[in-house]
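J.: Make a model of this:
(one chain, ligands or ions: 1)
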Amino acid sequence: MELWIKEVPEDILGEARQVREDLHRHPELSYEEERTGALVAEHLRGLGLDEVRAGVARTGVVGVLRGRAGGPCVALRADMDALPVTEETGLPYASEREGVMHACGHDGNTAVLMAVARLLSERRDELPGAVKFIFQPAEEGYAGAKAMVEEGCLEAPPPDAILALHGATGLEVGQLRVAAVPNAGMTSFRIDIRGRGGHGAVPHETVDPIMIGAQILSAAQTIVSRETRPDLPVVLSICAFQAGSKANIIPETASLLGTTRATEMETLDRMRGALERVAGGIAESMRGQATLTQTESYPPVHNDPELLELVRRVGAALGGERNVVELEGQRMTSEDFSYFLEDQGGVPGVIFGLGVGTDAALHSPHFDFGHAALGPGILTLCNLAMAYLRGR
Ligand SMILES: [Zn+2]
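T.: You can find the predicted model right below:
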């Protein structure tokens with residue numbers, strides 16, 4: 001494969017570093033990306049894009065760069081939100097906001113896409129089609145992608161494909177990690193149990209919601225072991241059990257909070273039904289009540305096989321065969337990128353991991369996207385977009 005560009009011009013790389021440091025210093029939580037969104041919109045307007053729409057899904061930004069008319073349109077996506085984590089990196093550009101941090105590296109994802117927009121707009125005469133830039137809010141559990149789609153980010157013009165990268169650990173800087181299903185689907189749920197409170201000395205006069213919760217907690221695991229296909233990866237984790245206040249009071253209520261994960265939507269739906277049945281049945285058999293509420297859900301990310309192959313080829317052209325790493329096993333973390341994709345009524349797409357310069361885990365207070373990954377990220381995304389527009 002012939003690459004469109006082999007090196008990022010020094011001025012663009014320098015700007016990307018500055019932009020990332022600035023974003024890293026000023027992280028903003030989901031749906032509060034006012035400053036970030038404004039910076040992105042100003043940047044895109046300054047590049048002379050054909051259209052820039054700000055305030056999409058509150059703080060999101062969509063830009064359109066038109067090259068040759070009649071060609072295909074490819075969308076490139078970055079997420080902008082930070083996390084409620086107190087930074088402990090000690091970096092000179094560490095977060096200036098107490099308790100908020102770019103612990104998932106969205107500062108890097110955004111800086112890369114802003115630089116890609118500059119590079120492509122400076123050479124727009126060479127574009128055999130259009131490029132749509134999608135900067136979305138609220139990836140961290142609040143389905144910003146879904147809100148962006150609902151507000152028309154996949155219309156006028158509708159992209160033929162969507163591509164995205166996300167900083168990843170466990171790789172060398174610049175390496176790409178690819179997978180057919182890079183992220184599982186997830187739901188978050190809560191089970192509210194109602195019993196009848198009373199004195200700990202007279203349990204027979206109460207309906208103990210803690211005991212009901214304990215039974216539900218163990219029985220829920222049989223949904224994984226007895227009600228789902230053993231050949232498909234599934235997770236059900238109950239991560240909070242809230243009840244009670246004192247050693248001699250049986251409380252009136254208890255709540256369980258948890259998450260389910262699966263690679264197919266159908267499995268998630270089946271687990272939800274089973275959880276509702278198990279919780280309700282156990283509570284009833286013990287004279288109480290339980291209600292299940294689904295609080296969040298992201299569908300699984302199913303990468304388009306042809307686009308995935310394109311990522312492999314571009315990655316290999318950039319850094320040889322060892323630049324592309326196939327994901328081993330299945331990751332059960334989730335990504336709202338799925339809302340842009342075909343099986344959710346969107347378009348074919350692919351998301352892949354980009355190795356960044358840290359061993360710290362995503363969402364940890366020590367995580368940093370690092371400057372070294374900016375260049376490889378920009379090169380990969382530019383070449384991918386061009387390869388797609390040129391018809392591979
Ligand atoms: Zn993230």
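
J.: Which positions in stretch 375-392 come out as buried?
T.: The neighbour-count check on stretch 375-392 (16 or more other CB atoms under 10 Å) flags 375-389 as buried. Placement of C-beta: from N, CA and C, glycine included.

J.: Got the confidence number for the closest residue to residue 24 other than its chain neighbours?
T.: Counting by CB to CB, 6 or more residues apart in numbering, residue 24 lies nearest to residue 107, which is 4.5 Å off, once chain neighbours are set aside. At residue 107, the model reports a pLDDT of 98.

J.: picking up where we left off before, just curious, which of the buried residues of stretch 375-392 is nearest to residue 345?
T.: residue 388 (20.9 Å; CB to CB).

J.: What is the helix or strand containing the closest one packed up against?
T.: For residue 388, the enclosing helix or strand under DSSP states H and E is helix 374-389. Helix 374-389 sits against helix 10-25, strand 73-79, helix 106-122, strand 161-168, helix 305-319, strand 349-355, with contacts defined as 3 or more CB pairs under 8 Å, 6 or more residues apart in numbering; DSSP states H and E.

J.: so that helix versus helix 10-25, what angle?
T.: 110 degrees (axes from the mean of the first three to the mean of the last three CA atoms, to 10 degrees).

J.: Could the C-alpha coordinates of helix 374-389 be exported in CSV?
T.: Coordinates of each C-alpha in helix 374-389 appear next as CSV, following Å, rounded to 0.1, in the frame of the first residue of the first chain:
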residue,chain,number,x,y,z
LEU,A,374,0.6,12.0,18.7
GLY,A,375,2.7,11.7,15.5
PRO,A,376,1.8,8.0,14.9
GLY,A,377,-1.8,8.8,15.7
ILE,A,378,-2.0,11.6,13.2
LEU,A,379,-0.2,9.6,10.5
THR,A,380,-2.4,6.6,11.0
LEU,A,381,-5.7,8.5,10.8
CYS,A,382,-4.7,10.7,7.9
ASN,A,383,-3.5,7.8,5.8
LEU,A,384,-6.5,5.7,6.7
ALA,A,385,-8.9,8.5,5.7
MET,A,386,-7.1,9.0,2.4
ALA,A,387,-6.9,5.3,1.7
TYR,A,388,-10.6,5.0,2.3
LEU,A,389,-11.4,8.0,0.1
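
J.: for the record, mean pLDDT for that helix?
T.: 98.

J.: got it, and stretch 300-309?
T.: On average, stretch 300-309 scores 98.

J.: Show me where the protein has its strands.
T.: Assignment of strands within the chain using DSSP state E yields the ranges 51-56, 60-66, 73-79, 130-136, 161-168, 176-178, 185-194, 198-199, 234-243, 249-250, 253-262, 289-298, 324-326, 349-355.

J.: The fourth one vs strand 51-56, what angle?
T.: With the same axes, to 10 degrees defining the directions, strand 130-136 sits at 20 degrees from strand 51-56.

J.: Low-confidence ranges, the chain, go.
T.: 392 (pLDDT under 70).

J.: Which residue would you name as the spatial centre of it?
T.: residue 335 (3.0 Å; CA atoms, centre = their mean).

J.: re the thing from before, I'd like the helices and strands packed on helix 374-389 laid out as TSV, including distance to residue 88 and mean neighbour count.
T.: What follows is those, written out as TSV (distance: least, CB to CB, whole Å; neighbours: other CB atoms under 10 Å):
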stretch	distance to residue 88	mean neighbour count
helix 10-25	14	18
strand 73-79	22	25
helix 106-122	16	25
strand 161-168	18	25
helix 305-319	32	18
strand 349-355	22	25
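
J.: quick one on the thing from earlier: okay, the strands of the chain, which one's buried deepest?
T.: strand 130-136 (a mean of 27; mean count of other CB atoms under 10 Å).

J.: Can you tell me what sits against that one?
T.: Contacting residues not belonging to strand 130-136 are listed as 37, 40, 44, 49, 57, 60-67, 71-80, 110, 113, 116-117, 120, 144-145, 148, 153, 157, 159, 162, 340, 385, 389 [CB atoms under 8 Å, 6 or more residues apart in numbering].

J.: Roughly how far does the residue nearest to residue 24 sit from residue 370?
T.: 10 Å (CB to CB, to the nearest Å).

J.: Looking at this structure, which helix is longest?
T.: helix 265-285 (DSSP state H).

J.: what's the angle between that helix and strand 253-262?
T.: 160 degrees.

J.: May I see the buried residues of helix 265-285?
T.: 265, 267-268, 270-272, 274-276, 278-280, 282-283.

J.: helices and strands around it, which ones?
T.: Helix 265-285 packs on strand 185-194, helix 209-227, strand 234-243, strand 253-262, strand 289-298, going by 3+ CB pairs under 8 Å, 6+ apart.

J.: Quick one: list the elements packing against the last one.
T.: Using 3+ CB pairs under 8 Å, 6+ apart as the contact test, the elements touching strand 289-298 are strand 185-194, helix 265-285.

J.: Equivalent analysis for the second one, please.
T.: Packing partners of helix 209-227 (3+ CB pairs under 8 Å, 6+ apart): strand 185-194, strand 234-243, strand 253-262, helix 265-285.
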